[in-house]
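Q: sequence first, then the predicted structure:
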There are 2 protein chains.
Amino acid sequence: MIAGISYGEAKKTLGEQAYESIREEILSLRLYPGQTVYESDFTRMLNMSRTPVREAVRALAMERLIEVLPQRGMKIALISERQVEETRFIRESLEVSAVACVANQARSSEVKAYLEENLGRSLEEQRRFVRQADAVSFLHADDQFHQAFLRVLGNVTLTSIVTQMRGHLNRVRMLSLYEPKAMAQLVQEHEQIVQAVLAADSDWAAHAMRAHLGRLMDDLPIVKSRHPDYFEPSSTASTR
Amino acid sequence: MIAGISYGEAKKTLGEQAYESIREEILSLRLYPGQTVYESDFTRMLNMSRTPVREAVRALAMERLIEVLPQRGMKIALISERQVEETRFIRESLEVSAVACVANQARSSEVKAYLEENLGRSLEEQRRFVRQADAVSFLHADDQFHQAFLRVLGNVTLTSIVTQMRGHLNRVRMLSLYEPKAMAQLVQEHEQIVQAVLAADSDWAAHAMRAHLGRLMDDLPIVKSRHPDYFEPSSTASTR
DNA sequence: GTTCATTGACTTGTATACAAGTATACGGTA
DNA sequence: TACCGTATACTTGTATACAAGTCAATGAAC
């Protein structure tokens, strides 16, 4: 499964509302990995009937954020090292290609001006959150930064895939709770990517992005050792 | 009583069956792009109630193969040049990365033997369909060939994304109805990819795959001119 | 005490009933 | 004829009723 159903945020069906609410509960870890839940929990929580709740659940199951056990209930998906690495690999492949394309497009002064404006503002914001040592806001700003590139490409299918992939990665990142030093390192990498893109140097941009995303899950072992109960018992596998 | 043959068919819910049936109807063009359909058509066709049909429809809507018009019906998605190119770009990004990884893994003689066996057989099959000028079977064999690489990687998330992306591309390819010459050209490109992979030359493999997938939709303009009614009125856009 | 069939209280899967929005045919009015 | 409100026959969105699988407590048989 991929992609949202509609953009017009005007009239959202109950099903869409349910999807967004439940997904947010999962990604924020308020529903913890491994937790057993039932449709009835959500109908009570959201005050709607089973039909829209089920619709949301099916979508989240396709996204592998929920595991449905027929006739027995559902489990919030455990964080799987394998799933995380699969997802990271996909993000790396797509975003490296994307950033190279954007770098090429940055030869147009119009695109370049747009990028300079938007990415500059984003970097500023990131630095502010580093100074304030606000890890959660930083995480959000980081996501926005990456999304900004994809928006330039205008490939909505790609954007929605990456957004979905981020879901799996962000649960780990939420547990990471970066120190300011680590966040500063990330900002530095972002700055380099921006430099490369504005220089319209697609090779440099691709290389910088690959390095950046290659290190994305470096602290996964630490997170796992601190929250082993949130993780799937591992059988080491790597697609890297 | 003496039991009949026990088929190894896993227990599929009606919803899953509906999804697969309807998807196949769409990709085979038996439901033509732009056709108006209703849930009731599917309940009659599949002899099941609205609930599982709706589940399938929602999934296909997320995949953008069906467009749901609230209170008015549904339309089989028109082929969108933009969607096709977005999808092609994603396949190129992912499969280029994947084939490079596989080429690296082919240094292991075990993996190499597996690849030699499987890909060799697939190429043989492709050549047979070219000789027989059987374009539809060739299309299927082509898909199998590409899937074979992904299976080696073992990244199931990536595999399922590429499978989904193929859905959009294959409607165009189904209309292409290649001549033997064009098919032979594709086989030749496949052979080169195999050569590169078995030589464990990841750069070469990536380059060959990129060239191969870059030409994937070269005859889209011809197809469009022959079946303009299947296409969305274009507003030229490219992510390439 | 151990075993095992039974029962009942759960669950999700599926069918159906009801609510609400949309397009269209119709007929009165000018 | 042209216009326009209205009734109607559709559609999908949502709620609820029913079917069927799962699991654990129970208690009789040994």
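A: Arrived safely, thanks for sending.

Q: buried ones in the longest helix along chain A?
A: If you go by DSSP state H, chain A has its longest helix at helix A:81-105. Within helix A:81-105, the residues that count as buried by 16 or more other Cβ atoms under 10 Å in any protein chain shown are A:81-103, A:105. Where C-beta positions appear, they are placed from N, C-alpha and C, glycine not excepted.

Q: show me how the record splits chain A into domains.
A: Listed by automatic domain parsing, the domain ranges of chain A are A:17-76, A:81-230.

Q: tell me the most buried of these?
A: The highest average neighbour count among the domains of chain A, using mean count of other Cβ atoms under 10 Å in any protein chain shown, belongs to domain A:81-230 at a mean of 18.

Q: is chain B within reach of that domain?
A: Yes: Domain A:81-230 reaches chain B (Cβ under 8 Å from any Cβ of the partner chain) through A:83, A:86-87, A:89-90, A:92-94, A:96-98, A:101, A:153-158, A:161.

Q: can you list the weak-confidence ranges in chain A?
A: In the predicted model, chain A carries pLDDT under 70 at residues A:1-10, A:235-240.

Q: any idea how far A:Arg151 is from the spatially most central residue of it?
A: In chain A, the residue lying closest to the centroid (Cα atoms, centre = their mean) is A:Arg166, at 1.9 Å. Distance, A:Arg166 to A:Arg151, by Cβ to Cβ, to the nearest Å: 14 Å.

Q: same check, this time on A:Leu216
A: Here the criterion is Cβ to Cβ. By it, A:Leu216 lies 20 Å from A:Arg151.

Q: got the contact list for A:His212?
A: By Cβ atoms under 8 Å, 6 or more residues apart in numbering or on different chains, the residues touching A:His212 are A:186, A:189-190, A:193.

Q: the same query, at a cut-off of 7 Å, please.
A: Contacts for A:His212 (Cβ atoms under 7 Å, 6 or more residues apart in numbering or on different chains) come out as A:189, A:193.

Q: that one should be in a strand, yeah?
A: No: checked against DSSP: H, G, I helix; E, B strand; the rest coil, A:His212 lies outside a strand; its state is helix.

Q: neighbouring contacts of stretch A:99-108?
A: Contacts of stretch A:99-108 (Cβ under 7 Å, 6+ apart): A:111-112, A:115, A:149, A:152-153, A:193, A:196-198, A:200-202, A:205-206, A:209, B:239.

Q: who's in contact with A:Leu220?
A: By Cβ under 7 Å, 6+ apart, the contact list for A:Leu220 reads A:81, A:84, A:172.

Q: which one of the residues you listed is nearest B:Ala56?
A: Proximity of these to B:Ala56 was ranked by Cβ to Cβ; the top entry is A:Val84 with 29.7 Å.

Q: ok, now which ones touch that closest one?
A: A:168-169, A:172, A:217, A:220.

Q: now it: how far from A:Leu216?
A: Taken as Cβ to Cβ, the span from A:Val84 to A:Leu216 is 9 Å.

Q: and for A:Val156?
A: Counting by Cβ to Cβ - A:Val156 and A:Leu216 are separated by 23 Å.

Q: of the domains of chain A, which is nearest B:Phe129?
A: domain A:81-230 (30.0 Å).

Q: tell me if I'm right that A:Ala148 and A:Leu119 touch.
A: Yes: counting by Cβ atoms under 7 Å, A:Ala148 touches A:Leu119, with 6.1 Å between them.

Q: what helix or strand does A:Glu20 sit in?
A: helix A:14-27 (DSSP states H and E).

Q: who does that helix touch, helix- and strand-wise?
A: helix A:39-46, helix A:50-62, helix A:156-176 (3 or more Cβ pairs under 7 Å, 6 or more residues apart in numbering or on different chains; DSSP states H and E).

Q: mind checking which of these is nearest DNA strand C?
A: Relative to DNA strand C, the nearest member of those by Cβ to the nearest atom of the strand is helix A:39-46, separated by 3.8 Å.

Q: before we move on, the earlier item: could you dump the domains of chain A to JSON lines with distance to B:Tyr178?
A: Output for the domains of chain A, formatted as JSON lines (distance: least, Cβ to Cβ, whole Å):
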{"stretch": "domain A:17-76", "distance to B:Tyr178": "33"}
{"stretch": "domain A:81-230", "distance to B:Tyr178": "26"}
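
Q: from the chain's centre, how far out does whichever strand or helix holds A:Ala205 sit?
A: Under the criterion of DSSP H and E, A:Ala205 resides in helix A:202-214. How far helix A:202-214 lies from its chain's middle: 18 Å, per Cα atoms, centre = their mean, to the nearest Å.

Q: any idea how far A:Gln17 is from A:Val53?
A: 10 Å.

Q: can you check A:Asp201 too?
A: In terms of Cβ to Cβ, A:Asp201 sits 44 Å off from A:Gln17.

Q: A:Val194 now?
A: 36 Å.

Q: now A:Glu86
A: Taking Cβ to Cβ, one finds A:Glu86 at 29 Å from A:Gln17.

Q: cool, A:Ala208 as well?
A: From A:Ala208 over to A:Gln17 (counting by Cβ to Cβ), the distance is 39 Å.

Q: can you report phi and psi for A:Thr13?
A: Torsion angles at A:Thr13 (phi, psi; degrees, to the nearest 10) stand at phi -70, psi 160.

Q: which residues are in contact with it?
A: For A:Thr13, the contact set (Cβ under 7 Å, 6+ apart) comprises A:Pro52.

Q: bridged to A:Glu67, which residues?
A: A:Lys75 (DSSP bridges).

Q: ok, now which ones touch it?
A: Counting by Cβ under 7 Å, 6+ apart, A:Glu67 makes contact with A:61, A:74-75, A:77.

Q: what comes into contact with the strand or helix carrying A:Gln126?
A: Here A:Gln126, judged by DSSP H and E, is contained in helix A:109-131. The contact list for helix A:109-131, computed with Cβ under 7 Å, 6+ apart, reads A:105-106, A:137-138, A:141-142, A:144-145, A:148, A:152, A:180, A:183-184, A:187, A:190-191, A:194, A:197-198.

Q: how about the residues of chain A near DNA strand D?
A: A:13-15, A:48-52, A:70-72 (Cβ under 7 Å from any atom of the strand).

Q: which of those residues sits closest to B:Ile22?
A: A:Gly15 (18.9 Å).

Q: does the closest one touch A:Arg54 like I think?
A: No: the criterion here is Cβ under 7 Å, and A:Gly15 misses it with A:Arg54 at 8.6 Å.
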